[in-house]
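J.: attaching a predicted model along with its sequence, questions to come.
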Amino acid sequence: GRLLGEAAVAQDAVEGRSVFSAPGGGTRLGEQLTPLPFTLRSDPAEPGLACAPFVATSASGPDVSVFDNGLPLGPTAWLEAGTLRRLRAHRAGAARLGLPVSPPVDNLVLELPGAEGITEDLVRGLDRGLLLTCLWYIREVDPQTLLLTGLTRDGVYLVEGGEVVGAVGNYRFNESPLEILRRAQAVGATRRALSREWHEWFPRTAMPPLLVPDFNCSSVSPAT
């Protein structure tokens with residue numbers, strides 16, 4: 001979820017360097033990206049995840065500017081009902097690209113409206129598969145597809161007949177978070193989650209458990 005939000009930069013999309021770039025030029029704003037009506041949103045007033053309600057940055061980049069410091073921030077839906085609604089842009093960039101001003105907000109919530117249940121409920125609906133509890137050492141391979149690679153960590157479990165039957169080793173994975181949302185077959189309720197890799201600088205996230213077929217565990221990892 002975090003890297004999906006991080007990739008939603010308007011300038012990169014317009015320049016053809018993003019998974020949110022449209023073939024032939026422009027952006028994919030307004031395009032239905034996921035079959036399920038996922039919402040990916042930020043809100044400075046989100047209960048339990050509250051953050052600064054204004055821009056506060058010490059350096060400029062493609063989506064944030066020091067000249068916007070103090071600019072009020074409000075609720076922002078990046079994905080709404082599976083459709084791409086916003087891309088991150090500071091005031092100067094938004095004016096140049098003809099897009100709404102959408103600076104980054106320091107929290108992120110992914111949810112499927114109406115989804116209920118916890119991880120154990122999804123496990124009970126799985127005939128055979130793996131329960132992954134944590135991903136680590138995540139790196140971007142291809143920004144145009146948002147292909148990521150990384151390792152599993154902190155417990156990988158074999159599920160058979162809806163029950164955890166044992167622990168297995170770690171794996172390297174190669175996946176795109178956008179493709180994961182496209183393929184998701186079952187979704188649980190959104191709960192506060194802590195990213196192991198980015199928790200020190202982006203701790204305010206809430207994510208749901210997902211049941212995803214054919215998650216690409218590409219090779220066995222010697223990590224223990």
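T.: Thanks, I have the structure now.

J.: the nearest residue to P222 once chain neighbours are set aside bridge partners, please.
T.: If the residues on either side of it in the chain are set aside, P222 comes closest to N170, at 7.8 Å by CB to CB, 6 or more residues apart in numbering. Quick note: C-beta positions are derived from backbone N, CA and C, even for glycine. Beta-bridge pairing for N170 (DSSP bridges): S221.

J.: surely N170 is in contact with V156?
T.: Yes: under the criterion of CB atoms under 8 Å, N170 is in contact with V156, at a separation of 6.0 Å.

J.: would you mark the buried spots in the top strand by length along the chain?
T.: Taking DSSP state E as the assignment, the strand of the chain that covers the most residues is strand 135-142. When burial is assessed from 16 or more other CB atoms under 10 Å, strand 135-142 yields the following buried residues: 135, 138.

J.: give me the sheet partners of that strand and which way each runs.
T.: Each strand pairing with strand 135-142, determined using DSSP bridges, is listed with its direction: strand 147-152 (antiparallel).

J.: so L49 touches R204, yeah?
T.: Yes: when contacts are counted by CB under 8 Å, L49 is listed as touching R204 (4.2 Å).

J.: what do these two both touch?
T.: In terms of CB atoms under 8 Å, 6 or more residues apart in numbering, L49 and R204 are both contacted by the residues N107.

J.: I figured L210 hits I180, correct?
T.: Yes: applying CB under 8 Å as the test, L210 and I180 come out as touching, 6.7 Å apart.
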